[in-house]
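J.: need coordinates for the following:
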Amino acid sequence: MAELEEHKTDVRDAVRERYAAAATNAGSSEGSCCSNAAVISDEQRDAFGSALYEEDEREALPAAARLASLGCGNPTAVAALNEGETVLDLGSGGGIDVLLSARRVGPTGNAYGLDMTDEMLELARRNQREAGVENVEFLKGTIEQIPLPDDSVDVVISNCVINLSGDKPAVLREAARVLKPGGRFAVSDVVADPDMDEATRRDMQQWTGCIAGALTVEDFRRELGAAGFEAIEVQETHRVHPQAASAIVRARKPAGAERLPAGSEMPQPPIACSLGPAELSDRAQLVGELGRSLLAVDAGGTRAILRFAGNGLRLEEFVRAESECCPFFDFELSGDDGATTLAVAAPQGGDWAVRALVAGFVAGWDGLV
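T.: As a prediction, this is how the structure comes out:
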């Protein structure tokens, strides 16, 4: 665990250093349309950067915003933004996608940009002032811990940033948390070929250059499902590396995925959980173990279907214990192709209980709260 946390920190520090240099380069008086070598090489220029935007979009923005554009696509073009919506851009850099989003949602909408790099935030706010766009707010923070409340945005976008994170499941869980029920996830990102070699995977320069840390298409689908998304689409658009491609990734937070209000409690018997503290601790450990093998989730209302890699015996153990504690649940287990599917149903009005159960697997077990 300590080694994993050290890796995440190393990745974050390397990304911060490289993109701070990119911001400084883009904001300098010597910056030019070909000078952003802090991140993009000459060979990468056709696959990354502002050239992927329409000419009228580029011309409407400050030059520094265009120079600081380091993405692999144009997420604002695929997000289908509507007047009055609230948009969040994960890893907003120099602000190009935030400023374009703000124009699309109009004065009744709002666009947030989130970045961890002081130099990028300074550049983005300067670009905002130059562009004269008011319905924008740039926030400092990491995409693994988004500084916004639950159910607060309509659309999450991102441009070639999720691949840079050392903890992608946390990023996708956070995106699901801040999205309103029915909210949309629409990002451009790099996806790795399944046979990407280990030398590339271990190369920190390739990681900060958006390649080594990329998920495969199947990884992206699995992690989005585990975070609670539905209607998942991953479509490759163009090659960015001999072992990787740019892709459009879309998903939706289920319309019935409202979170329980803070401080909510279990109803009184016969619905209330009867386990004591020690038993709850044992169940938390079991759920955490099973959650790490979760492949996909399809949940809504009083029903949920969860698919796990293997773990048939441990799931049987969970179902036995849960049936004793919460007899109102109806469980059904089935297995095929090395995976096990758990179908869960609750009586009418029990949708809150299904959400709480699913949240234990998806986001770490904190009890039924």
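
J.: where in the protein is pLDDT low?
T.: 1-74, 77-78, 200-212, 256-280, 311, 337, 363-369 (pLDDT under 70).

J.: tell me where it has helices.
T.: 2-27, 55-59, 63-67, 75-78, 96-105, 118-131, 168-178, 198-202, 204-208, 217-226, 277-291, 312-325, 351-363 (DSSP state H).

J.: what angle do the last one and helix 312-325 make?
T.: When you say that, I think you mean helix 351-363. Counting by axes from the mean of the first three to the mean of the last three CA atoms, to 10 degrees, helix 351-363 lies at 150 degrees to helix 312-325.

J.: okay, helix 351-363 in PDB with CA atoms only?
T.: What follows is helix 351-363, C-alpha atoms only, in PDB (Å, rounded to 0.1, in the frame of the first residue of the first chain):
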ATOM      1  CA  ASP A 351     -34.300   2.000  -3.600                       C
ATOM      2  CA  TRP A 352     -32.300   3.800  -0.900                       C
ATOM      3  CA  ALA A 353     -31.100   0.400   0.500                       C
ATOM      4  CA  VAL A 354     -30.000  -0.800  -3.000                       C
ATOM      5  CA  ARG A 355     -28.100   2.500  -3.500                       C
ATOM      6  CA  ALA A 356     -26.400   2.100  -0.100                       C
ATOM      7  CA  LEU A 357     -25.400  -1.500  -0.900                       C
ATOM      8  CA  VAL A 358     -24.000  -0.600  -4.300                       C
ATOM      9  CA  ALA A 359     -22.100   2.300  -2.900                       C
ATOM     10  CA  GLY A 360     -20.400  -0.100  -0.500                       C
ATOM     11  CA  PHE A 361     -18.900  -2.000  -3.400                       C
ATOM     12  CA  VAL A 362     -18.200   1.000  -5.600                       C
ATOM     13  CA  ALA A 363     -16.800   3.600  -3.300                       C
END
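
J.: who are the packing partners of it?
T.: helix 168-178, helix 277-291, strand 294-300, strand 303-309, strand 339-345 (3 or more CB pairs under 8 Å, 6 or more residues apart in numbering; DSSP states H and E). In this view, the C-beta of every residue, glycine as well, is placed from N, C-alpha and C.

J.: what bridges to the nearest residue to Arg184 once chain neighbours are set aside?
T.: Distance criterion CB to CB, 6 or more residues apart in numbering; nearest residue to Arg184, sequence neighbours excluded, is Val155 at 4.8 Å. Bridge pairing for Val155 (DSSP bridges) gives the partners Val87, Arg184.

J.: what distance do you get for Val155 to Thr341?
T.: 31 Å (CB to CB, to the nearest Å).

J.: how is this protein divided into domains?
T.: With domains defined by automatic domain parsing, the chain comprises 2-252, 277-363.

J.: return the most buried member of these.
T.: domain 2-252 (a mean of 20; mean count of other CB atoms under 10 Å).

J.: would you agree Ala299 is in contact with Lys253?
T.: No: counting by CB atoms under 8 Å, Ala299 does not reach Lys253; the two are 10.7 Å apart.

J.: what do these two both touch?
T.: Gly228 (CB atoms under 8 Å, 6 or more residues apart in numbering).

J.: Thr108: what's it in contact with?
T.: So Thr108 contacts 83-84 (CB under 8 Å, 6+ apart).

J.: mind redoing it with 10 Å?
T.: Residues in contact with Thr108 (CB atoms under 10 Å, 6 or more residues apart in numbering) are 83-85, 135.

J.: then Val178?
T.: By CB under 10 Å, 6+ apart, the neighbours of Val178 are 86, 88, 90, 112, 114, 146-153, 156, 253.

J.: now the residue nearest to Arg184: how far from Ala79?
T.: Distance from Val155 to Ala79, by CB to CB: 5 Å.

J.: residues shared between the contacts of these two?
T.: Contacts common to Val155 and Ala79, judged by CB under 10 Å, 6+ apart, are 85, 87, 89, 101, 104, 184-186.

J.: out of those residues, who's nearest Ser293?
T.: Phe185 (23.1 Å; CB to CB).

J.: how near is that closest one to Glu218?
T.: With CB to CB as the criterion, Phe185 and Glu218 are 17 Å apart.

J.: cool, Asp189 as well?
T.: 14 Å.

J.: Ala199 now?
T.: Ala199 is 22 Å from Glu218, by CB to CB.

J.: next: Gly84.
T.: For Gly84, the distance to Glu218 - CB to CB - is 36 Å.

J.: sweet, I'm off.
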